[in-house]
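**Q** Generate coordinates for the sequence data below:
(one chain, ligands or ions: 2)
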Amino acid sequence: MALLHVLHYPDSRLRTKAKSVGVVDDGIRKLIDDLLETMYEAPGIGLAATQANVHKRVLVVDVSANHDQPHAFVNPVIDFAEGTQEREEGCLSVPGFYEPVERAEHIRVAALDRQGKPFTLEAEGLLAVCIQHECDHLDGKLFVDYLSSLKRQRIKKKLQKRPSDSGRRPAVARAGRG
Ligand code: GNR
Ligand code: NI
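**A** Numbers count the residues shown, from 1 in each chain. Ligands and ions are numbered 1, 2, ... in the order given. Predicted structure coming up:
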C-alpha cells in the first residue's frame, strides 16, 4: 500500500480524460488499494485515479461514518439518473473550498469490481453525489466547473497563491498565516 500525491486545481493534468481499463489485473487492484488508503488518510469520502495523476477509469468511495464500506468502480458508467439534490461539495483537489452543487438525487452506476466482475449499484443522497463527483474527475471535470466564473476565478487565484502542500500542513504550522 502507498499514499498517492493528490493534484491541486488548477493543475492541467486534472483535465485529462481517463482511459478505460482493459483487464482488471494486480496493477489495478494495487491502484484501488492505494486510492483507498489515500482517501482514508486525507480524509475524504471518494477519490478518482485522475486526482493521483493516473489516467485510468478507476474510482473509490466510502461515505460511511465508520469508514468500513469501501466501494471500488472500474470503468464506471452512470446509466440512470433521476431527480435533483443540492449539497455543499468539497474536493481534495480544491482544498479548503466548499460550495453547493446541484446533482441527480438517484443514480444507477454500472462498473467492474476489483475482480473484473460487472455489477450495478443504485445510490441516492450523499453516496450518489460522491459517485457523480468522482465520475466527473475521470472526464477531467471538477465541481468548480459548476460555479459562476467569478467564484471559480477567486478559488483559482487563492490556490495559486499558496504552496501546493499547504493542505497537508498541520494546524499549528498554519496558525498565524493570516
Ligand atoms: O472528501 C470529499 N468530500 C465530498 C463532499 C461533498 C461532495 C463530494 C465530495 S468528494 C471529496 C473527495 C474528492 O475530492 N473526491 O474526488
Ligand atoms: Ni474531488
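
**Q** Only C-alpha atoms from now on, for both contacts and neighbour counts.
**A** OK.

**Q** Kindly check the end-to-end length of stretch 20-34 for me.
**A** Stretch 20-34 has an end-to-end distance of 19 Å (C-alpha to C-alpha, to the nearest Å).

**Q** and that stretch, what's its mean pLDDT?
**A** In this model, stretch 20-34 has a mean pLDDT of 98.

**Q** Same question for stretch 97-105.
**A** Across stretch 97-105, the average pLDDT comes to 98.

**Q** buried sites along that stretch?
**A** Residues Val101, Arg103, Ala104, Glu105 are the ones in stretch 97-105 that count as buried (16 or more other C-alpha atoms under 10 Å).

**Q** can you check stretch 112-124 too?
**A** Buried residues in stretch 112-124, defined by neighbour count with 16+ other C-alpha under 10 Å: Leu112, Asp113, Arg114, Gly116, Thr120, Ala123, Glu124.

**Q** Between which two of those is the distance greatest?
**A** Based on C-alpha to C-alpha, the longest span within the buried residues of stretch 112-124 runs between Gly116 and Glu124 and measures 24.3 Å.

**Q** Distance to Arg162 and secondary structure added to the buried residues of stretch 97-105, as JSON lines?
**A** JSON lines is the format used below for the buried residues of stretch 97-105 (distance: C-alpha to C-alpha, whole Å; DSSP: H, G, I helix; E, B strand; the rest coil):
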{"residue": "Val101", "distance to Arg162": "25", "secondary structure": "strand"}
{"residue": "Arg103", "distance to Arg162": "30", "secondary structure": "strand"}
{"residue": "Ala104", "distance to Arg162": "33", "secondary structure": "coil"}
{"residue": "Glu105", "distance to Arg162": "35", "secondary structure": "coil"}
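
**Q** Closest to ligand 1 out of those?
**A** Set against ligand 1, the nearest of those by C-alpha to the nearest ligand atom is Val101 (8.5 Å).

**Q** so the closest one touches Leu142, yeah?
**A** No: counting by C-alpha atoms under 8 Å, Val101 does not reach Leu142; the two are 10.9 Å apart.

**Q** and for these two, which residues touch both?
**A** Here Val101 and Leu142 share no contacting residue, scored by C-alpha atoms under 8 Å, 6 or more residues apart in numbering.

**Q** which helices and strands does whichever helix in the chain runs longest pack with?
**A** Longest helix in the chain by number of residues, with DSSP state H as the criterion: helix 26-41. Applying 3 or more C-alpha pairs under 8 Å, 6 or more residues apart in numbering; DSSP states H and E, one finds that helix 26-41 makes contact with strand 46-48, strand 58-61.
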